[in-house]
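**Student:** Sharing a sequence plus its predicted fold:
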Amino acid sequence: MSLIVQKFGGSSVADAESIKRVAKRIVETRKAGHEVVVVVSAMGDTTDELLDLAEQVVPVPSGRELDMLLTAGERISMALLAMAIKGLGIDALSFTGSQAGMVTDARHGSARIVEVSPKRVREALDSGAVAIVAGFQGFNRLTGDITTLGRGGSDTTAVALAAALDADVCEIYTDVDGVFTADPRVVPTARKIDRITSEEMLELAAAGAKVLYIRAVEYARRHGVTIHVRSSFNNNEGTLVVGPKEGEIVEEPIITGVSADLSEAKITVVGVPDIPGKAAQIFTVVANTNVNIDMIVQNVSTASTGLTDISFTLPKSDAEVAMTALTAAQPDIGFASLQHDDQIGKLSVVGAGMRTNAGVTAKLFTALFEAGINIEMISTSEIRISVVTRADTVNEAVRVVHTAFGLDGDTEAIVHAGTGR
């Protein structure tokens, strides 16, 4: 008997009919002879609605109480799903994150998993029941408080349980048929990828692909969990995200996929003295605010002034705190001014085949040039090239680059619920 972990996102359990459809799928898996653990997100837009409600009550909610509030969404969906499964004649037991043994650090809103002890989940499986676990949440042993895992928390919960229970596969159900060569909402002719390495999926997730979150992919890679991304609206085979050794048995395409990210802003530190230590000062100030930086570009200083400009990208939501910290440090660092630009978009091409194929950069830049799209920043890794363009041109950039690398399919991809989660 194999053990399968199935994760269903908010769009898959958005209403009563959706929950009954998901329950039927779970029961079919159980009747096929598999042990089944299910991880669920909150219904539809419940988390966003709870966040809005909290902000109406108080401008800056307490992290502890906000976590108590937000975890209610998953508790609702897990209980309703357990009821629906029982209504179909199969026993089911629902568990909160703490009941399922998801132990985290004490950081509210973005807790990290430090241990998984799924004793009660294992007992439920041994009794023949389906175990339903609330995603996105855990608890800290030291404080005894409930915590939430932040963005992608339910994906991470599912992968962590799959690793702890030594599951055969972790199925991530969404509203598209798998991982595509580009977002099918932007490129309708994007093709589904049958197999992708965890290394490539990490790069795509980091570059803005929303079908899987980077924390879940990294956890799966580290613990050897195979992920199967598939649609909750049909029974089609999806995309297998496999480890490096498994991935080596297939021919590596030059480019696996193209992604876009509109969630970043750019800060330029203007007139920085071009002497050793100034860049270190700048990025130490930013690091002390706990802001993650993505791309960095430093211009060559002009001989006449001895000054240079340093630009970097970061999440839009963190730009204000970084600007405030740098402004406070301006007298010590000695730069002239700061510029903030939140109208940028990042395009990335990812593919393990880049390692052994020349001309990828030339083809990328030629495609953008022919489309009249200007490049502002460039960053590369061994299997990724990222460029920053204007926000209003990035979707067109994705389409022309997708075509340039021969990734277009013959038919249009289907997006069942419209969110990608």
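**Tutor:** Yep, it's here. Numbering: from 1, shown residues only.
**Student:** Now do the helices in the stretch 251-400 of the chain.
**Tutor:** In the stretch 251-400 of the chain, the helices defined using DSSP state H, counting those that start in this stretch lie at 278-287, 319-333, 360-370, 394-404.
**Student:** Identify whichever of these lies nearest to residue 52.
**Tutor:** helix 319-333 (20.2 Å; Cβ to Cβ). In short, each C-beta sits where N, CA and C put it, glycine included.
**Student:** what angle separates that closest one from helix 278-287?
**Tutor:** 140 degrees (axes from the mean of the first three to the mean of the last three Cα atoms, to 10 degrees).
**Student:** Show me what helix 319-333 is in contact with.
**Tutor:** 265, 267, 269, 272, 278, 281-282, 285-286, 288-289, 291, 314, 338, 340, 342 (Cβ atoms under 8 Å, 6 or more residues apart in numbering).
**Student:** For the buried ones among those, write the corresponding PyMOL selection.
**Tutor:** The following PyMOL line selects those of the contacts of helix 319-333 that are buried, judged by 16 or more other Cβ atoms under 10 Å:
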select buried, resi 265+267+269+272+278+281+282+285+286+291+314
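**Student:** Please identify which of the contacts of helix 319-333 is nearest to residue 79.
**Tutor:** Nearest to residue 79 among the contacts of helix 319-333 is residue 291, at 37.8 Å by Cβ to Cβ.
**Student:** all helices for the stretch 1-150 of the chain, in order.
**Tutor:** 16-31, 46-57, 63-87, 119-126.
**Student:** Mean neighbour count, those: which tops it?
**Tutor:** Mean neighbours per residue, mean count of other Cβ atoms under 10 Å, is largest over the helices of the stretch 1-150 of the chain for helix 63-87, with a mean of 20.
**Student:** next one: that one to chain centre, how far?
**Tutor:** Distance of helix 63-87 from its chain centroid, counting by Cα atoms, centre = their mean, to the nearest Å, is 22 Å.
**Student:** likewise stretch 287-298?
**Tutor:** The answer for stretch 287-298 is 19 Å, by Cα atoms, centre = their mean.
**Student:** List the contacts of residue 1.
**Tutor:** By Cβ under 8 Å, 6+ apart, the residues touching residue 1 are 33, 34, 35.
**Student:** Any chance of a markdown table for the residues you listed, columns distance to residue 119, pLDDT and neighbour count?
**Tutor:** Shown next, in a markdown table, are the contacts of residue 1 (distance: Cβ to Cβ, whole Å; pLDDT from 0 to 100; neighbours: other Cβ atoms under 10 Å):
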| residue | distance to residue 119 | pLDDT | neighbour count |
| --- | --- | --- | --- |
| 33 | 24 | 95 | 8 |
| 34 | 21 | 96 | 18 |
| 35 | 15 | 97 | 22 |
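**Student:** with these in mind, which one is nearest to residue 17?
**Tutor:** Closest to residue 17 out of the contacts of residue 1 is residue 34 (24.6 Å), distances taken as Cβ to Cβ.
**Student:** wait, the closest one sits on residue 4?
**Tutor:** Yes - between residue 34 and residue 4 there is a contact under Cβ atoms under 8 Å: 5.0 Å.
**Student:** Low-confidence regions, the stretch 201-350 of the chain specifically.
**Tutor:** For the stretch 201-350 of the chain, applying pLDDT under 70 flags the ranges 244-253, 301-303.
**Student:** Could you pull out the strands in it for me?
**Tutor:** Along the stretch 201-350 of the chain, the segments classed as strands by DSSP state E, counting those that start in this stretch run 227-231, 239-242, 257-261, 264-273, 296-298, 307-315, 337-341, 344-350.
**Student:** Export these as TSV, with columns for distance to residue 139.
**Tutor:** Shown next, in TSV, are the strands of the stretch 201-350 of the chain (distance: least, Cβ to Cβ, whole Å):
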stretch	distance to residue 139
strand 227-231	25
strand 239-242	28
strand 257-261	32
strand 264-273	32
strand 296-298	38
strand 307-315	27
strand 337-341	38
strand 344-350	36
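**Student:** Which among these is found nearest to residue 384?
**Tutor:** Between residue 384 and the strands of the stretch 201-350 of the chain, the tightest spacing by Cβ to Cβ is seen for strand 344-350, at 4.9 Å.
**Student:** just the helices of the stretch 251-400 of the chain: most buried one?
**Tutor:** helix 394-404 (a mean of 21).
**Student:** So what touches it?
**Tutor:** Contacts of helix 394-404 (Cβ under 8 Å, 6+ apart): 181-183, 186-187, 189-190, 258-260, 262, 345-347, 349, 363-364, 366-368, 370-371, 373, 389, 408.
**Student:** so what's the closest residue to residue 103 other than its chain neighbours scoring on pLDDT?
**Tutor:** Among residues not flanking residue 103 along the chain, residue 115 sits closest, at 4.0 Å (Cβ to Cβ, 6 or more residues apart in numbering). If you check residue 115, the pLDDT there is 95.
**Student:** now do residue 417
**Tutor:** In this prediction residue 417 is given a pLDDT of 58.
**Student:** One more: residue 23?
**Tutor:** 97.
**Student:** cool, and residue 412?
**Tutor:** In the predicted model, residue 412 carries a pLDDT score of 76.
**Student:** what's the spacing between residue 285 and residue 291?
**Tutor:** 10 Å (Cβ to Cβ, to the nearest Å).
**Student:** whoops, residue 66 was the one
**Tutor:** From residue 66 across to residue 291, the span is 21 Å (Cβ to Cβ).
**Student:** out of the helices of the stretch 251-400 of the chain, nearest to residue 19?
**Tutor:** Proximity to residue 19, assessed across the helices of the stretch 251-400 of the chain by Cβ to Cβ, is greatest for helix 394-404 (33.5 Å).
**Student:** Quick one: work out the angle between the closest one and strand 257-261.
**Tutor:** Going by the same axes, to 10 degrees, helix 394-404 makes 170 degrees with strand 257-261.
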